[in-house]
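When you get a sec, could you give me coordinates for this:
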Amino acid sequence: MAEHALRRERRTGNLSLIVAVPVALVSIAPLLWALISSLRAGDEIFAHLYPLTWRTVVPESVSLDNYVAVLTGPFAMSLVNSVIVAFFSVTIGLFVAAMAGFALAALDFPGRGAVFALMVVSFLIPFEAIAIPLSTSFRDWGLANTYAGLILPAIGNGLSIFLLRQFFLGIPTSLSEAARLDGLSWFGVFWRIYLPLSKAPLVGAGLILFVFQWQSFLWPLLIAPAPSVRVAPVAIADFAQEAGVDYGQMFAGAILASAIPLILLLMFQRQFTNSLASSGSKE
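Numbers count the residues shown, from 1 in each chain. Prediction:
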């Protein structure tokens, strides 16, 4: 019986591997082709697409000229802007999300269920639906072409609040009750008990905030088109001009912009997975 179960488990594992490898190759193919194209000369990028040959994936000559041009041009400042905006969005947004999640999980106040339902609805509504009227309001408030204008909409992320709230529900209430009896304030309970127990969910929520902000295109395009505060996704689109498209530099910029979140996801993938697993089992 045990041997039969082991054979069946092996067959299932082999079948999963057979399916997973092609899916992984298909998923990574666009990124791989963009990487290869970024190392080609401009006139070589589309020269070997049809018919498909080994030259399609192996460049005739490898050149870093596109990366040099990108890193010595305006795109470098846009990349720095993206890092600045993402850093403050994650730092401030994570603190706000943790406090909101704690309040919704640990504090008993009138209307808590309604507030939670409203918060859930907030991240189900596409941001694009409110981006244009919101950008008009931000311009009226003098926040156009400022870092604050880029950062503020990312702070109240409903998905991050939901993730942390679900984890906080699993922390025994006896801990907060004992701390309150010892004279600890609610903020002290949050800061000294809940946050130290929430490293994995905090990493998961931080990654969500970072990725959402890092890949944001429409909002920065609407509220911060000035070169001094332009972010990387908008700068990549600027490689397409009326005179033509510099695909080599566009691919190089896309690879550089993709490298930072990819590195972070690889570094914190275990914590991110644990945060999702621990949050999905709470009611």
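
Now do Ile155 against Leu207, distance only.
16 Å (C-beta to C-beta, to the nearest Å). Glycine gets a C-beta too; all of them are placed from N, C-alpha and C.

For this protein, just list every one of the strands.
240-241, 244-245 (DSSP state E).

got those as JSON lines, with mean pLDDT and mean neighbour count columns?
Converted to JSON lines, the strands of the chain look like this (pLDDT from 0 to 100; neighbours: other C-beta atoms under 10 Å):
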{"stretch": "strand 240-241", "mean pLDDT": "78", "mean neighbour count": "10"}
{"stretch": "strand 244-245", "mean pLDDT": "76", "mean neighbour count": "10"}
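
Tabulate the ones you listed (JSON lines), appending distance to Phe127.
Shown next, in JSON lines, are the strands of the chain (distance: least, C-beta to C-beta, whole Å):
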{"stretch": "strand 240-241", "distance to Phe127": "24"}
{"stretch": "strand 244-245", "distance to Phe127": "27"}
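
Ser38 is nearest to which of those strands?
Nearest of the strands of the chain to Ser38, taken as C-beta to C-beta: strand 244-245 at 13.8 Å.

In the stretch 101-250 of the chain, where is pLDDT below threshold?
Applying pLDDT under 70 to the stretch 101-250 of the chain picks out residues 242-243.

now do 80
123, 241-245 (pLDDT under 80).

Return the set of buried residues in stretch 44-55.
Buried residues in stretch 44-55, counted by 16 or more other C-beta atoms under 10 Å: Glu44, Ile45, His48.

Out of the residues you listed, which is nearest to Asp238?
Proximity of the buried residues of stretch 44-55 to Asp238 (C-beta to C-beta) peaks at Ile45, which lies at 18.4 Å.

Let me know the pLDDT of that closest one.
Note on Ile45: pLDDT of 76.

what separates it from Ile130, distance-wise?
Ile45 is 38 Å from Ile130, by C-beta to C-beta.

quick revisit: okay if I get the buried residues of stretch 44-55 as a markdown table plus distance to Ile151?
Formatted as a markdown table, the buried residues of stretch 44-55 follow (distance: C-beta to C-beta, whole Å):
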| residue | distance to Ile151 |
| --- | --- |
| Glu44 | 40 |
| Ile45 | 36 |
| His48 | 43 |
